[in-house]
Structure formats: structure tokens, C-alpha cells
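*Asks:* Structure for the following, please:
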Amino acid sequence: MQNKRKIKIFSSFEEQEAYHLEQMKKTTPRERFIALLQMQKFTNAIHKNISGKRTITIHHGYLKQ
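*Replies:* Residues are numbered from 1 along each chain as shown. Take a look at the predicted model:
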């Protein structure tokens, strides 16, 4: 069974945040983990790392990529 999509309109960011926190409380750890994996796959699909490696340089206490 697939979830039906809904459009919710919020009057403020605080109301939106409260709604999402309440929805998160209703999910199981497994559901949250699956959602995290889906977000990571989506992010990796958008931001392909062409070189295959990343370099982080710390210079005077600041991170620099």
C-alpha cells in the first residue's frame, strides 16, 4: 500500500517544524533509517564526486575544502 501525498500549508515555520517533529515521533527507528538512506541516495545522485576523493585542509583553525 502506497502512501497518498498531501499538500499542507503552514502559517509559520514554527508550525511546520512542530508538524514534522510530531510526524517523526510517529515513525519507527527502521522507518527513519530507510528515509535517511533514501535521502543519501538522492544526495549522491545529485552531487556526484567526479574525482573520487575529497580533501579537507585545516588552516588557522578553519576548515577549507
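*Asks:* okay, CA-based contacts and neighbour counts for the rest of this
*Replies:* Noted.
*Asks:* Quick check: chain neighbours aside, which residue is closest to R32?
*Replies:* M24 (7.8 Å; C-alpha to C-alpha, 6 or more residues apart in numbering).
*Asks:* Distance of the one you found relative to R30?
*Replies:* For M24, the distance to R30 (C-alpha to C-alpha, to the nearest Å) stands at 12 Å.
*Asks:* Looking at those two, which has the bigger crowd around it?
*Replies:* Counted by other C-alpha atoms under 10 Å, M24 and R30 do not tie: M24 has more neighbours, with 13 against 9.
*Asks:* Assign the more buried one to one of the three secondary structure states.
*Replies:* Assigned by DSSP: H, G, I helix; E, B strand; the rest coil, the conformation of M24 is helix.
*Asks:* and it, what pLDDT?
*Replies:* At M24, the model reports a pLDDT of 89.
*Asks:* same check, this time on the one 5 residues further on
*Replies:* Confidence per residue is given as pLDDT, and for P29 that number is 92.
*Asks:* That one and H59: what is the separation?
*Replies:* Distance, P29 to H59, by C-alpha to C-alpha: 38 Å.
*Asks:* what's the distance between the residue nearest to R32 and E31?
*Replies:* Counting by C-alpha to C-alpha, the separation of M24 from E31 is 9 Å.
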